[in-house]
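A.B. asks: Need coordinates for the below:
(one chain, ligands or ions: 1)
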Amino acid sequence: MPKALIAGNWKMNGDIATARELAGAIAAGSDAHACDYLVCPPFTALTEVSGVLADSGVLLGAQDCHSAASGAHTGDVSVGMLTDIGCHYVIVGHSERRSDHGESNALVKSKAAAALKGGLSVIICVGESESERESGTALATVERQVVGSLPETSNSTNTVIAYEPVWAIGTGKVPTTAQISEMHLHISSVLENEMSDSDAASTRLLYGGSVNPENATEILRCSRVNGALVGGASLKAESFLAIGQSCP
Ligand code: PEP
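C.D. replies: Numbering: from 1, shown residues only. Predicted coordinates for the structure are as follows:
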């Protein structure tokens, strides 16, 4: 079993002072647990949080990147800019990027490939909509997203897949443990066609969508769940660390 990863996606929340305080509390409370911690603050707080986390063992990630190394891309941030300020990871293909910015699997793949080339690890997000779940096409949708978004250079040390059903993000609704296990086992078998057997078996698969300290224990015990991508509950150190403490 790969070591669990508990990743916090702070989204577009907080100012520098709150980011500093939150990162400091996570760094102070994190070292006793049997999982890796990653925090992904907004771009504006990355430099500050990088300083706070230095030598803490808590990893730093960004929430998006551009696929080009530099150039005329107003408002975007390159992989080199992220490694320059100490990032280890970048999230790509979050459902809010796919819906707010129309990001396709091909675009997500190009961002992931650029991130890997530039030395970042990636969390590639996939997940079905509510109507896809209800119409019985969830497995096929997620399979298409995994196959379409995964770069050829992905392996188990540089790539994490986060299964985040769109209807569970920020809603308090959570799939059943049977649905989570079914999807994670499906993703694992899809990876067997895309990677070597050993990489497919040891690539970490995170569940994301309304994870909190109350439901974390049962979610983190589902088949082939190797951690969580946490939104709302990552904005308080206490709840984020409590999710980490729930890792089996
Ligand atoms: C997310 O946006 O990645 C997420 C999982 O959010 P929440 O935990 O708030 O559902």
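
A.B. asks: mind checking how far S131 is from the ligand?
C.D. replies: Taking C-beta to the nearest ligand atom, to the nearest Å as the measure, S131 falls 19 Å from the ligand. C-betas here are computed from N, CA, C, even on glycine.

A.B. asks: contacting residues for that residue?
C.D. replies: With contacts defined as C-beta atoms under 8 Å, 6 or more residues apart in numbering, S131 has no neighbours.

A.B. asks: Can you point out the helix or strand that includes it?
C.D. replies: helix 130-134 (DSSP states H and E).

A.B. asks: Which positions within that helix qualify as buried?
C.D. replies: Residues of helix 130-134 classed as buried: E132, R133 (neighbour count, 16 or more other C-beta atoms under 10 Å).

A.B. asks: cool, stretch 17-27 as well?
C.D. replies: A19, R20, L22, A23, A25, I26, A27.

A.B. asks: so the last one sits in a helix?
C.D. replies: Spelled out, it's A27. Yes - assessed by DSSP: H, G, I helix; E, B strand; the rest coil, A27 belongs to a helix.

A.B. asks: Just the pLDDT for it.
C.D. replies: A27 is assigned a pLDDT of 96 by the prediction.

A.B. asks: repeat for the first one
C.D. replies: Looking at A19, its pLDDT is 98.

A.B. asks: That one is in what secondary structure piece?
C.D. replies: Under the criterion of DSSP H and E, A19 resides in helix 16-29.

A.B. asks: Could you identify the helix or strand that succeeds that helix?
C.D. replies: strand 35-40.

A.B. asks: next one: that following strand to chain centre, how far?
C.D. replies: The chain centroid and the centroid of strand 35-40 are separated by 10 Å under C-alpha atoms, centre = their mean, to the nearest Å.

A.B. asks: Please see if that strand touches the ligand.
C.D. replies: No - counting by C-beta under 6 Å from any ligand atom, the ligand has no neighbours in strand 35-40; the shortest distance is 9.1 Å.

A.B. asks: Sheet-wise, list the partners of that strand with their directions.
C.D. replies: Here strand 35-40 has these sheet partners by DSSP bridges: strand 4-9 (parallel), strand 59-62 (parallel).
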